[in-house]
Each structure stands twice: as C-alpha cells, then as structure tokens.
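[1] take this sequence and fold it.
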Amino acid sequence: MTERKKLLPSKRSRGRVQIVTVAGGKGRIGKTFFSVNFGVTLKNRGFRVLIFDADLNLANVHLLLNIDETQSFRDFLQGKIQIGEVIQKGIGGVEVLYVGDDLNSILSLDDEEFNILTSSFMQIEDSYDYIIIDTQAGLTELNQKLLLLSDRVILMTSPEITALVDLYRVIKTTAAGHSGLHFEILVNRASGAEHAAQVYDRISRTVSQFGIRSSLSFLGFIVDDPKRVVESIQKRIPIILLHQTGSVSECMKMITGSFLRQSRPRRKFPFFYGLLER
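    Below is the predicted model of the structure:
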C-alpha cells in the first residue's frame, strides 16, 4: 500500500535539516539496504525522514519500503502535480522522493520553471529533520556534487579488496582541491567488531600515507547475515522491523546511536539550491 500526502511546511527554520549522503566506490555493497534501514531507525527515534533516491540507473528504495507505485517526477516538472504528491510513504513511515532520469530534464528548464523547482525543493528542506540521499555506484559528476554539498557523508565499503580500492579512489578524487572534508566510514558484511576495525584502520592508514586532505571517522559496521538480509529484501520489509532483535538490527541501532552522538557544522545555504545551481 502506498500513502501519498500533501507536503506541509514546518515551523523549523530553513537550513536546519541535515543532508546525509550515502555513497561508496562500487555497486552491490548494500548502500540502498543501509539507507532504508537507517531511515527507519531514525524514524523510530522520532525524527522526520525523507530518502532521496538519486540512483538514476538502479533505483530500489521504493521496492525495499514496499512502495508499489511511483508518481512521475515529470508530472511535477510539467506543473500537473505538486512536489508533495511525488513524495510517497513506505513501510516504517519513511518517505521517499525518486527523481530518476528526470533529473536530467532539470538542465533544460527555463528560468521560471527552474525557480519554481528550487522553491519547491527548499520547501522540502523545511519539512524534515534528515534527508538521506542514496547514490548510484561510483563517482559520477552528480555523486561528487552530492558529497561536497551534504552536511554529512557516509562512505560504505565491504572488506573485499576491490571495494576498498574503489572507496579510496572516491576519497582521493573528492578531496582533491577541497580541504577539510570529513567522511564517516561504515563497514558492511563484517564478521564482527574487530574485523570491521581492521578494515577501517587499513583505509585510514592509506588515506594518511598518501597525504589526502580529508578526515575520517569510524561510524560502525554491519555483520554479515545473508539469510536474513535476503529474507528482508524478498518480503520488502526493512530488517530493522522484520528482525528487531537480530544481529543486523542491533548493528543498525548502534550505528544510528553513533551517528546522533557525532555532529558536524551545518550548511549556511539551502542544499537543493546549491545542488541545482547553474
């Protein structure tokens, strides 16, 4: 079942929302699975959460949140519906905005249409505590812009050497010419806390060794539990709801607690204005 709602502006001042981009160096490391369960965990703690699905090729957020219909973002661009009608609520109360290939259409908008778009997107910023951006694999031009503009960046990896090498490339490329960036590292499919710490230390040493001008912190890890993960995906129920006391759910709770204890300086400008700025 899909629940649509009209977007109502909140009383919070603009810019208070935190934009959290989830990225990684390669595909199939669990970014979307994490984004969905992270969003549900934050929602369970009383926060207003929106997941912005920025994977233009393999958008799966709506599937994992049991959303069967997707309202066309193109209809919004053509003035047929309001931006709030594109946003849909999934299981667990987390809301989703999928732009998809229509993101490319933004580049051809005239000035009036562009101003309407930025105004609508900034209204979104007023309505949530956290906007989680689920990116596509690799370091596309869009991904790099998201990493640079977000309040916080969570970089996911798995212990495999290919994932670690690709993650290092993302850090190196993004940090080039941009000092002071901070990345929160999350290790997926770890055998346990000690294993995850070893993976993080390896990344940290590599970044330090090559003098990359960015800082890292260890956000946490998710244990490898393929049976329950597959079950969650097949049933289209976030694992944090399906197996509330399972090992993966406990990891998600610890990650969320660690995330909330840490803080980063807030942006001084609306996120979507910076993202869409010509």
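[2] give me the low-pLDDT residue ranges for the stretch 101-250 of the chain?
    Across the stretch 101-250 of the chain, the ranges flagged by pLDDT under 70 are 101-108.
[3] for it, which segments count as strands?
    Remark: strands assigned in the stretch 101-250 of the chain by DSSP state E, counting those that start in this stretch are 130-135, 152-157, 181-190, 214-223.
[4] how about stretch 82-99: buried residues?
    Using 16 or more other Cβ atoms under 10 Å as the test for burial, stretch 82-99 gives 83-92, 94-99. All C-beta spots, glycine's among them, are computed from the backbone N, C-alpha and C.
[5] er, stretch 182-201 actually
    183, 184, 185, 186, 187, 188, 189, 190, 195, 196, 199, 200.
[6] show me how far it is from its chain's centre.
    Centroid separation for stretch 182-201 versus its chain: 18 Å, with Cα atoms, centre = their mean, to the nearest Å.
[7] next one: stretch 48-58
    7 Å.
[8] ok, stretch 51-62 next?
    Using Cα atoms, centre = their mean, the offset of stretch 51-62 from its chain centre is 10 Å.
[9] pull out the buried residues from it.
    Judged by neighbour count using 16+ other Cβ under 10 Å, the buried positions of stretch 51-62 are 51, 52, 53, 54, 55, 56, 59, 60, 61, 62.
[10] return the member of those residues nearest to residue 23.
    residue 54 (9.6 Å; Cβ to Cβ).
[11] right, and that closest one touches residue 146 too?
    Yes. Residue 54 is within contact range of residue 146, at 6.6 Å (criterion: Cβ atoms under 8 Å).
[12] which residues are in contact with each of those two?
    133, 135 (Cβ atoms under 8 Å, 6 or more residues apart in numbering).
[13] still on that earlier bit, got CSV for the buried residues of stretch 51-62, with pLDDT and secondary structure too?
    Shown next, in CSV, are the buried residues of stretch 51-62 (pLDDT from 0 to 100; DSSP: H, G, I helix; E, B strand; the rest coil):
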residue, pLDDT, secondary structure
51, 95, strand
52, 91, strand
53, 87, strand
54, 81, strand
55, 75, coil
56, 66, coil
59, 70, coil
60, 85, coil
61, 90, helix
62, 87, helix
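[14] output the residues you listed in a markdown table, with distance to residue 137 appended to each entry.
    Converted to a markdown table, the buried residues of stretch 51-62 look like this (distance: Cβ to Cβ, whole Å):
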| residue | distance to residue 137 |
| --- | --- |
| 51 | 17 |
| 52 | 16 |
| 53 | 14 |
| 54 | 12 |
| 55 | 8 |
| 56 | 11 |
| 59 | 12 |
| 60 | 12 |
| 61 | 14 |
| 62 | 18 |
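[15] farthest-apart pair in those, please.
    Based on Cβ to Cβ, the longest span within the buried residues of stretch 51-62 runs between 51 and 56 and measures 15.1 Å.
[16] list the contacts of the most centrally placed residue in the chain.
    Nearest to the mean C-alpha position of the chain, counting by Cα atoms, centre = their mean, stands residue 133 at 2.9 Å. Residues near residue 133 by Cβ under 8 Å, 6+ apart: 19, 20, 21, 22, 51, 52, 54, 146, 150.
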